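[1] after the sequence you'll find the predicted model.
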Amino acid sequence: MYWRDVISLISTTTTTNEIGDTVEAEVKTEVYANRMSYRTKAVTQALANGLKPEYSFEVKEEEYDRQKKIEYKNITYNIITSAPSKNECIEIVCEGVI
């Protein structure tokens, strides 16, 4: 694979501000990814469970830390499932955020 796509893995952190309110903030980490075919096992399983996958990406295993969202081409997507891939990679399947 060529690692031509760049996606942002988005995690959420929770902190307390100066007046004691709980504040959530998104942290984006840019990584290189491979956009995958829709014929993978993870996409087939998502479709079987009634989900509507739009994209599937392969990222390096050490870069993925169970984030729940990604950003691709300035659009945010929810990660609906992830599965081990080959060569120490993880496949993540995403659907659009409405």
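    Great, that's in hand.
[2] which helix or strand in the protein has the lowest average pLDDT?
    When the helices and strands of the chain are scored by mean pLDDT, DSSP states H and E, helix 41-48 comes last with a mean of 71.
[3] just give the strands next to the next helix or strand along the chain from that helix in its sheet, each with its orientation.
    Sequence-wise, the next helix or strand downstream of helix 41-48 (DSSP states H and E) is strand 55-60. Strands that pair with strand 55-60, judged by DSSP bridges, come out as strand 22-35 (antiparallel), strand 89-96 (antiparallel).
[4] these: lowest mean pLDDT?
    Per-stretch mean pLDDT for these is lowest at strand 89-96 (a mean of 91).
[5] send me that strand as PDB with only the CA atoms.
    Taking Å, rounded to 0.1, in the frame of the first residue of the first chain, the C-alpha atoms of strand 89-96 are listed here in PDB:
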ATOM      1  CA  CYS A  89      -2.200  -2.600  10.900                       C
ATOM      2  CA  ILE A  90      -5.800  -1.900  12.000                       C
ATOM      3  CA  GLU A  91      -8.700  -1.500   9.600                       C
ATOM      4  CA  ILE A  92     -11.200   1.100  10.800                       C
ATOM      5  CA  VAL A  93     -14.600   1.400   9.300                       C
ATOM      6  CA  CYS A  94     -16.400   4.800   9.400                       C
ATOM      7  CA  GLU A  95     -19.800   6.300   8.800                       C
ATOM      8  CA  GLY A  96     -20.800   9.900   8.400                       C
END
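[6] pLDDT score for residue 88?
    The score at residue 88 is 92. That number is its pLDDT.
[7] contact partners for the nearest residue to it once chain neighbours are set aside?
    Closest residue in space to residue 88, ignoring its immediate chain neighbours: residue 61 at 4.8 Å, by C-beta to C-beta, 6 or more residues apart in numbering. Just so you know, the C-beta spots here come from the backbone N, C-alpha and C atoms, and that holds for glycine as well. Under the criterion of C-beta atoms under 8 Å, 6 or more residues apart in numbering, the neighbours of residue 61 are 84, 88-90.
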